[in-house]
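A.B. asks: Here you go, sequence then predicted model.
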Amino acid sequence: MIELNLIDLDKTLIPFDSFRLLIKKQLSRGDCYTFFLVVIRASRLISSARFKQSFIQNLKKQSMFDTRMEEFTDVIIKSVRSEILKMIEKHSGRETINVIFSASPHEYVEKIARRLGFTGFGSALLNGKYIELKGDQKIIKLRALFPETKYHYLFAISDNRAERTLLGFFENHLLLE
């Protein structure tokens, strides 16, 4: 069986919320549509999923989207917590697959994971619906992509108490508090 480690991104692998940082960067560029989205989200007129979907769609329409995502990935990589990487390495063999699951947008989660030599999945549009990769969605995706019949769930780490059930699937797990 193939060993699998599952890693949360925000406030686990990095010490902050990456999506909030991306929003702040867009606001600092004077992006009026981002400001509008923030206001209607703060007013609870749209869901978190709709907010992320609209924000990412807006970003993709802007020039230099790919360049900005690469630059943002650079910022995130510099913020990776070395002590968490050491824990992951401790639970990794030559054949272990390290996977990042994050509620942050897939557009940059995948890039971050690839730079670290991991596989990465984030929230994304699926069949016309934006699916936030959090809570039960992480369990559904884990079982769909990495069935227990083929993978040994070795190690998982997260900061989110709501992910206790997910963490419980793994032989070794750590809930950061």
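C.D. replies: Thanks, I have the structure now.
A.B. asks: Grab the nearest non-local neighbour of residue 148.
C.D. replies: Once flanking residues are discounted, residue 148 sits nearest to residue 169: 7.8 Å by Cβ to Cβ, 6 or more residues apart in numbering. C-betas here are computed from N, CA, C, even on glycine.
A.B. asks: just checking, what packs against the strand or helix carrying residue 99?
C.D. replies: Element membership for residue 99, per DSSP states H and E: strand 97-105. Strand 97-105 is packed against strand 2-8, helix 18-28, helix 48-61, helix 106-116, strand 119-126, helix 136-145, with contacts defined by 3 or more Cβ pairs under 8 Å, 6 or more residues apart in numbering; DSSP states H and E.
A.B. asks: which stretch among the ones you listed comes nearest residue 79?
C.D. replies: helix 18-28 (8.5 Å; Cβ to Cβ).
A.B. asks: got the angle for the closest one vs strand 97-105?
C.D. replies: 40 degrees (axes from the mean of the first three to the mean of the last three Cα atoms, to 10 degrees).
A.B. asks: Keeping just the C-alphas, turn helix 18-28 into PDB.
C.D. replies: What follows is helix 18-28 as a C-alpha-only set of coordinates in PDB (Å, rounded to 0.1, in the frame of the first residue of the first chain):
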ATOM      1  CA  SER A  18      -3.400  32.800   2.400                       C
ATOM      2  CA  PHE A  19      -6.700  33.700   0.800                       C
ATOM      3  CA  ARG A  20      -7.100  36.800   3.100                       C
ATOM      4  CA  LEU A  21      -3.600  37.800   2.100                       C
ATOM      5  CA  LEU A  22      -4.500  37.500  -1.600                       C
ATOM      6  CA  ILE A  23      -7.600  39.600  -1.000                       C
ATOM      7  CA  LYS A  24      -5.500  42.300   0.700                       C
ATOM      8  CA  LYS A  25      -3.100  42.300  -2.200                       C
ATOM      9  CA  GLN A  26      -6.000  42.900  -4.600                       C
ATOM     10  CA  LEU A  27      -7.500  45.600  -2.500                       C
ATOM     11  CA  SER A  28      -4.100  47.400  -2.300                       C
END
